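this one's structure only:
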Ligand SMILES: Nc1ncnc2c1ncn2[C@@H]1O[C@H](COP(=O)(O)OP(=O)(O)OP(=O)(O)O)[C@@H](O)[C@H]1O
Ligand SMILES: [Mg+2]
C-alpha cells in the first residue's frame, strides 16, 4: 500500500486544487443550500410591527404569543416608527398594545386594548388582527374566570382569599401544561404541511448524498486518464498488476473520501445540529463503498473523459429526479414500490447498511478482479 | 543465455512467425529487422512475456518462460514502441513513480545517474516540455530501473535527431559490454543496426535486407 500512496501523492501534487474542491464540495454546497433556503423561508415571513405601550406580565405574554406564530416576523417598535414603516410598506401592518392593557383586562373592559395600523397594500392585517384578538380574548376570558372563582371562593369560604394574579398564573400554568388552547392562523392559499414519512433528498443528508455522488464520479476520472495514458505496457514489469494498482488506488481514494464524509458529519453536527450516531456512521461507510465502487465500475466503461463527465452529470440528475427532489414522485413509487429500492440513495437516507447496489457492485468488482489481467496472456 | 526454440505464432489462420530458433549470449546486441508487418514486434512481445507463442519454447538461463513467468519478468526491461511515460510529470517524478512500484529500491541519486548515463540531463522539467529525443531517453531509462538482464527495444529511436540516436546507442553498447546485458533491438534504420549490433536477425524472406546487410560483414540469420 505504501508505494501506492507514494505514487498517488505525485499525482495529487499536480491536482490538489481540484482534488480539494471536489472533496469539500458536498459539505460546502449542502451548508450553502440549507442556509440559503432557511434565509428564503425567513424572508417569506410577513413583517409585523408591535408597539408596546406598557410593560406588564400580561402584555409581555401577549407579545410572546404573537411572536410564536410561524408565519410572521415581529418587530418591536415605537408608534411613530411603526407608522413610518407602514407608509414605506416595509411593514405589512402594526399593532399597538395600549397602556393600561392589563388593568383594562382585569377590570373587564374590552375596548381600546389594541390599536391596529395598515396600509392599502397590507394583506395580512385581517388574519393577524384576528389572531391577536383571539389571544386577547383568552386573556379576557381568563380574567372573567378569575373573577368568577374569586366570587365563588368568597361565598364558600370567606376566610381564604385568592388574589387575581394567583388565579391567572394558575390558569396559565394549566394552559401551558395541557395545551388547552391553541390558535393557529393560516393563509387560505397556504396549506399547512403535514409531512408524511417518505424518501426525500430535500434535507441535509439527501443534498449531501447527491453532491457526494457527483464529486465521487468526477474524482474517478483518473481511472480513465491512467488507463489510456499509454503507460499500461509497463505494468507487466513492475510489482503491481494494473488491476491491483487500480483497486488499491480506489481504496485509497475511498479512504480519503471517507475522511471528508466524516468531516461533513461533524460539520453538519456543528453548524446545523444534525445528530451523529453509530447508525449514521455505518450508513456513511456503506454509502461510501457503494459510491466509490459504482463510480469505479462506471469509469471502467469509458474511454473518453468528456463523455464520462456528461454521463456522470446526467446520472446525478437522474438520481435526483427519481429521489423526488425536483418534483414529487409519490404517485409513481406508490404504484411501483420497487422503484424506491432501485434508488441508490434509499439505504443511506434510511440509515441502513445493506443496499442492493452495494452488493451488486462488490460482486461485479470481485468477478472483474478474478478474471485476471489481459496482459498476463 | 536466452534460448528460443522453434517459435510459431498465428493469429487465427494467419501465421506470423514460423519456427524461429536462435540463442543470444550475455553481452550481445542483436538487431531485429524486416519489412512492416513481418512480425518483429510480435516476436519481441513474445520475448517480453506479453504474448504467448502458439508453439515453441523459450528459456532464460535454463528457466522456461511458461513455468517461471513472474521471475522472468523481473529480468526483462521492455521499451515499448509507443512512449509510456507520464507527460505531466517531471523526469524526476517519472523515475520516482516507477521506482516506487518496481521490485527494487533505488536512491534518487541512482535514478538521476541512470538518466545522466544516456545524456538525459533534464531532471526537474515536465516531460511535455521535452524534445522527442529526451522523451525516448526517459522511456528507456524507466525500463532500466529494476536492472533487467534482458533489454528489449521496439524502435526506440524512431523520429529523433542523430545526436540523441548516437547517445542512446552508446549507452546500449556500454550496457552490453560492461554489464553483460542481452539486448534485442528493432529498427528500420540499417545504419544504426549495422553500427550497433553484433548480430542481425532478419524476419521474412525479402532479399532486400540481406543485400544491404551483407555488405556490412555482420552475421545475419534469416527466418
Ligand atoms: N493482436 C493481433 N491480432 C491479429 N493480428 C495481429 C495482431 N498483432 C499483430 N498482428 C498482425 O501480425 C503481423 C505482424 O505484426 P507486427 O506488429 O509484429 O509487425 P512488425 O514487424 O512489428 O511491423 P512494423 O515494422 O510495422 O512495426 C501484422 O500483419 C499484424 O497485422
Ligand atoms: Mg512493430
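Looks like it came in fine. Note that this is a predicted model, so its numbers are computed, not measured. Ligands and ions are numbered 1, 2, ... in the order given.

Touching, residue B:64 and residue B:56? I think so.
No. With the criterion set as Cβ atoms under 8 Å, residue B:64 and residue B:56 do not qualify as a contacting pair; they are 11.2 Å apart. Any C-beta I mention is one placed from the backbone N, CA and C, and that applies to glycine too.

Of these two, which one has the most company?
Between residue B:64 and residue B:56, counted using other Cβ atoms under 10 Å in any protein chain shown, the more crowded position is residue B:56 (18 against 14).

who's in contact with the nearest residue to the more buried one once chain neighbours are set aside?
Nearest residue to residue B:56, sequence neighbours excluded (Cβ to Cβ, 6 or more residues apart in numbering or on different chains): residue B:7, at 3.7 Å. By Cβ atoms under 8 Å, 6 or more residues apart in numbering or on different chains, the contact set of residue B:7 is B:17, B:19-21, B:43, B:46, B:53, B:55-56, B:58.

Next one: residue B:7 from residue A:259, what distance?
Using Cβ to Cβ, to the nearest Å, residue B:7 is found at 52 Å from residue A:259.

With residue A:4 instead?
Between residue A:4 and residue A:259 the computed distance is 17 Å (Cβ to Cβ).

Could you check the pLDDT of the closest residue in space to residue B:83 that isn't next to it in sequence?
Using Cβ to Cβ, 6+ apart and skipping residues adjacent in sequence, the residue nearest residue B:83 is residue B:139, 4.9 Å away. The score at residue B:139 is 94. That number is its pLDDT.

tally of neighbours for residue B:139?
Applying the criterion other Cβ under 10 Å, we find 22 residues in the vicinity of residue B:139.

Regarding it, what is its secondary structure?
Secondary structure for residue B:139, judged by DSSP: H, G, I helix; E, B strand; the rest coil, is helix.

Repeat that for residue A:276.
Classification of residue A:276 into helix, strand or coil gives coil, according to three-state DSSP.

Let me see the contact set for it.
Neighbouring residues of residue A:276 by Cβ under 8 Å, 6+ apart: A:265-266, A:269.

Tell me the one among these nearest to residue A:232.
Of all the contacts of residue A:276, the one with the least separation from residue A:232 (Cβ to Cβ) is residue A:265, at 38.3 Å.

Now the closest one: closest residue in space that isn't a chain neighbour?
On the basis of Cβ to Cβ, 6+ apart, the spatially nearest residue to residue A:265 that is not a chain neighbour turns out to be residue A:276, at 5.4 Å.

do you know how far the one you found is from residue A:29?
With distances taken as Cβ to Cβ, residue A:276 is found 20 Å from residue A:29.

on that earlier part again, per-residue confidence for the residue nearest to residue A:265?
According to the model, residue A:276 carries a pLDDT of 89.

what's the spacing between residue B:72 and residue B:127?
Distance, residue B:72 to residue B:127, using Cβ to Cβ: 29 Å.

What is the longest helix of the chain by residue count?
Since no chain was named, I'll use chain A. Counting residues, the longest helix in chain A under DSSP state H turns out to be helix A:2-43.

other chain: chain B
The single longest helix within chain B, with elements called by DSSP H, is helix B:162-179.

what about residue 71, how many neighbours?
Just so you know, I chose chain A. Using other Cβ under 10 Å, residue A:71 has 17 other residues around it.

oops, I was thinking of chain B
Neighbour count for residue B:71, taken as other Cβ under 10 Å: 10.

Not counting its neighbours along the chain, what's nearest it?
Once flanking residues are discounted, residue B:71 sits nearest to residue B:63: 6.6 Å by Cβ to Cβ, 6+ apart.

ok, the one you found touching residue B:70?
No. At 10.8 Å, residue B:63 does not count as touching residue B:70 under the criterion of Cβ under 8 Å.

Who has more neighbours out of the two?
Neighbours around residue B:63 and residue B:70, counted as other Cβ under 10 Å, are more numerous at residue B:63. The numbers are 13 against 8.

Just say helix, strand or coil for residue A:239.
coil.

residues touching it, list them.
Under the criterion of Cβ under 8 Å, 6+ apart, the neighbours of residue A:239 are A:3, B:101-103.

Now do the phi/psi pair for it.
With angles defined as degrees, to the nearest 10, residue A:239 sits at phi -70, psi -20.

how far away is it from ligand 1?
Between residue A:239 and ligand 1 the distance is 27 Å, computed by Cβ to the nearest ligand atom, to the nearest Å.

pLDDT score for that residue?
The confidence metric pLDDT takes the value 92 at residue A:239.

ditto for residue B:181
Value for residue B:181, per-residue pLDDT: 94.

What score does the residue nearest to it when sequence neighbours are not counted have for pLDDT?
Using Cβ to Cβ, 6+ apart and skipping the chain neighbours, the partner closest in space to residue B:181 is residue B:175 (4.6 Å). Reading off the confidence values, residue B:175 has pLDDT 93.

tally of neighbours for residue B:175?
Close neighbours of residue B:175, defined as other Cβ under 10 Å, add up to 22.

So if I had to pick from residue A:4 and residue A:259, which one is more boxed in?
In this comparison of residue A:4 against residue A:259, neighbours counted by other Cβ under 10 Å, the higher total goes to residue A:4 at 18 against 11.
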